[in-house]
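Trainee: A predicted structure for the sequence below; I have some questions about it.
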Amino acid sequence: MAVRSGQSAARPPAPRFPHRHLLSVSELTRADVANLMARAEAFIPLLEQRVKKLDTLRGRTLINLFFEASTRTQSSFELAGKRMGADVVNMSVRTSSVSKGETLIDTAATLNAMCPDLLVIRHPSSGAAHLLARKVSCSVINAGDGGHEHPTQALLDALTIRRARGEIEGLEIAICGDVLHSRVARSNVQLLTMLGAHVRLIAPPTLMPADAERWGASLYHDMKHGLVGADVVMMLRLQLERMQGGFIPSAREYFWFYGLDEDKLRHAKPGALVMHPGPMNRGVEIDSAVADDATVSLIERQVRMGVAMRMGVLEALAEHGANEQPDQ
Amino acid sequence: MKPTLITNARLIDPASGRDEMGSILFDAAILDIGSRITAPNATTIDAQGACVMPGLIDLRVVVGEPGAEHKETFKSAGRAAVAGGVTTFVMAPNTTPVLDDASLIDFVLHRAPERSPARILPAAALTRGLAGETMTEMGLLKEAGAVMFSNGDTPITDSRVLRRALSYSTAFDALVAHRPEDSFLAAGGAMHEGELAARLGLPGIPAAAEFIAAERDLALAELTGARLLLDMISSARTLEPLARAKDRGVKASASVSVHHIALNEQDVDGYRTFAKLSPPLRTESDRTALADAISTGLIDVIVSGHDPRPAEEKRLPFSEAASGAAALEMLLPGALTLHHNGVAALIDVIRAMTLNPANLLGLPHGRLAMRAPADIILVDLGAPFRVSAANLKSKSKNTPFDEKLMQGRVLRTFVSGACVYENQD
């Protein structure tokens, strides 16, 4: 059997992706998701090759604009861009003029003048990516905006689940933890529901958004109860500042009632898989015994899928053409 | 355990609505209730027509232990309780240290049964140190055995803190008791704000301090879906938001102290510091409205509000004196004034001290039912007596009922079928 080369020419061309930006899952259709996931799938063999470089994005520029600390998302986009031959620039907010008081719109205008093709933004305010998208002439990818969305995380999670379980349709997926502040949860609820899974949200009442039942998910405050019959358990990171904010009384109580350990995991379906978008607070939302158990944990695979998924996204958006602005 | 048979008794049970002559047979649990019971092996007591009813459940008792054992201990509070017909009481968390950690709940549940003939159940603090800033580990506290949560006598001023605490409590279906009082309006006040306070030259606490806070607390209960007990209301005006909230299906309930249905602000006249309470005694029309609300069931629970204060905290100028009264032994005779004065039916008065508090706590006690725990009291409803503070079993003797003529004496008290008190008079 022939080993697949991983060259994008070796597969039938994916249909053109109809959106210029990737700002939220809510604007995607099921066909859009299938398109992006098919592209990502095709890149997975490449990641296992000795030479991992393509030239799909040669001559194109990708700017990573991160207003919040990030290890995996930023490096994932950087690697994805570089593997496809793009020039990647990382804007670190600490050393940029943003820390000198420049507004987001001024920063956008400045960057736009440099004619990038792809702009990846993470920002602590919900809606920041949308604002940026209206002000620049390149494609904008939302890598997390406040408590709103993180679409590439949801896409890579869906890809990870599909590769582990074959199908997403009909799965029971539990998302547990700080749902209230989680953009990962918002994107995942929409995406997984769209793909036919049934989502349960498990959180203490103080960390459950108001009227979350209208999202089409089932809500639970009792984790053991909520895990019964779950195929996949997706844990969310508990931001430690939430404790000072008075949402929960202490880390030890949180772990006791909402931390995923082997005892609680036993309530899920036998063979249930565990996910976490990272970075993990071991002993707060997840026990090391579960996180490090290779038979159930997909956590490292999520990171691996992250690069492929982002390559798929970059490829799809780059087909919209280069950012060629006439000099005015 | 040798069973006990009480014959020739008026059996009163709010759970079943029973009020009839009959007999009751019990060991640790109730074995039989009826008109003709034969139990040759049982210790038989002829009630001679006195009442048998479920032991009283008091949701609000301040115990000095740990930290202020000179005021009251588990032992002295337990003895006062069973002498007053109280077989179970909830201990307030305002001790030293404050009951805000699971280890302290564990301490109470181990120490109290060794010392107290009455069952003592701990209420845990709603916020750490009762400071009103950080919610306690409600889940761990409830698993340790806390039966409800309360912030003691210090209401939470920060509405966001209270909202989060109420919201969090719903994960564990916990009962949260909260004093409805606007701390800013009540600050510095010594008695009900009105004509009498003005004449006495004492700073007042307006009724608005209570119903403003009650409106807020009920609104937060509605927002969060929490089970809120308005702890010790004092004003007629507070009944309006309470009734509205109940009509809307808010999981709200309310308690009133025995003082506020039996006394009014006139008892303060003459600067009597023993009648200085928090919330303050209010007007006669407030008192009658609260009494009526017991009759209609709008107010769910009558509590003693037992707050022992040694003489050195009370023998002071009125404004400087501490608030609070020792009341475990006054709960039953004080509440029975509503029955004797024809304001409320006997069974409704008893319900507010037995079945209703048991249901709020989810306890199997508070009812005369087959297999229910045999917490039972034998009461002579009409027996007259003059209250003598000196004779109280409580370590602190501060009661505004001192020297009053009252009716209703506890003859015997049984906890889990064991006779723990017998009236020697």
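Mentor: Received the coordinates, thanks. From a predicted model like this one, the values you see are computed outputs, not experimental measurements.
Trainee: got the contact list for the residue in the stretch 201-350 of chain B positioned nearest to chain A?
Mentor: Closest residue of the stretch 201-350 of chain B to chain A, C-beta to the nearest C-beta: B:T224 (7.1 Å). In this view, the C-beta of every residue, glycine as well, is placed from N, C-alpha and C. Under the criterion of C-beta atoms under 8 Å, 6 or more residues apart in numbering or on different chains, the neighbours of B:T224 are A:P205, B:R163, B:L166, B:S167, B:S169, B:T170.
Trainee: Restricted to helices, list these.
Mentor: B:R163, B:L166, B:S167, B:S169 (DSSP state H).
Trainee: Between the residues you listed, identify the one with the most neighbours.
Mentor: Counting neighbours by other C-beta atoms under 10 Å in any protein chain shown, B:L166 leads the ones in helices among the contacts of B:T224 with 28 neighbours.
Trainee: per-residue confidence for the spatially closest residue to that residue that is not a sequence neighbour?
Mentor: Spatial nearest neighbour of B:L166, excluding adjacent residues (C-beta to C-beta, 6 or more residues apart in numbering or on different chains): B:A226 at 3.8 Å. We note a pLDDT of 98 for B:A226 in this prediction.
Trainee: and the residue nearest to A:L180 when sequence neighbours are not counted, how many residues sit next to it?
Mentor: Nearest residue to A:L180 in three dimensions, chain neighbours excluded: A:L207, at 4.6 Å (C-beta to C-beta, 6+ apart). By other C-beta under 10 Å, the residues close to A:L207 number 25.
Trainee: who's in contact with A:L207?
Mentor: Contacts of A:L207 by C-beta under 8 Å, 6+ apart are A:G177, A:D178, A:V179, A:L180, A:H181, A:R242, A:F247, A:I248.
Trainee: what's the answer for B:A213, then?
Mentor: The neighbourhood of B:A213, defined by C-beta under 8 Å, 6+ apart, consists of B:P155, B:R179, B:P180, B:E181, B:D182.
Trainee: Report pLDDT for it.
Mentor: Model confidence at B:A213, given as pLDDT, is 98.
Trainee: quick one, helices of chain A?
Mentor: A:30-47, A:72-83, A:104-113, A:128-135, A:151-165, A:183-194, A:223-227, A:241-244, A:251-258, A:262-265, A:288-291, A:299-318.
Trainee: So for B:A335, which of those sits nearest?
Mentor: For the helices of chain A, the distance to B:A335 is smallest for helix A:251-258, at 38.5 Å, taking C-beta to C-beta.
Trainee: Just the closest of the contacts of B:A213 to chain A, please.
Mentor: Of the contacts of B:A213, the one sitting nearest to chain A (C-beta to the nearest C-beta) turns out to be B:P155, at 16.8 Å.
Trainee: Does chain A have contacts with stretch B:133-142?
Mentor: Yes. Stretch B:133-142 reaches chain A (C-beta under 8 Å from any C-beta of the partner chain) through B:E133, B:T134, B:M135, B:T136, B:E137, B:M138, B:G139, B:L140.
Trainee: Excluding chain neighbours, give the residue nearest to the fourth one in space.
Mentor: The shortest distance from B:T136 to any residue other than its chain neighbours is 4.8 Å, reached at B:D100 (C-beta to C-beta, 6+ apart).
Trainee: And for the one you found, the neighbour number?
Mentor: 24.
Trainee: quick one: it and B:L130 touch, right?
Mentor: Yes. Between B:D100 and B:L130 there is a contact at 7.5 Å, judged by C-beta atoms under 8 Å.
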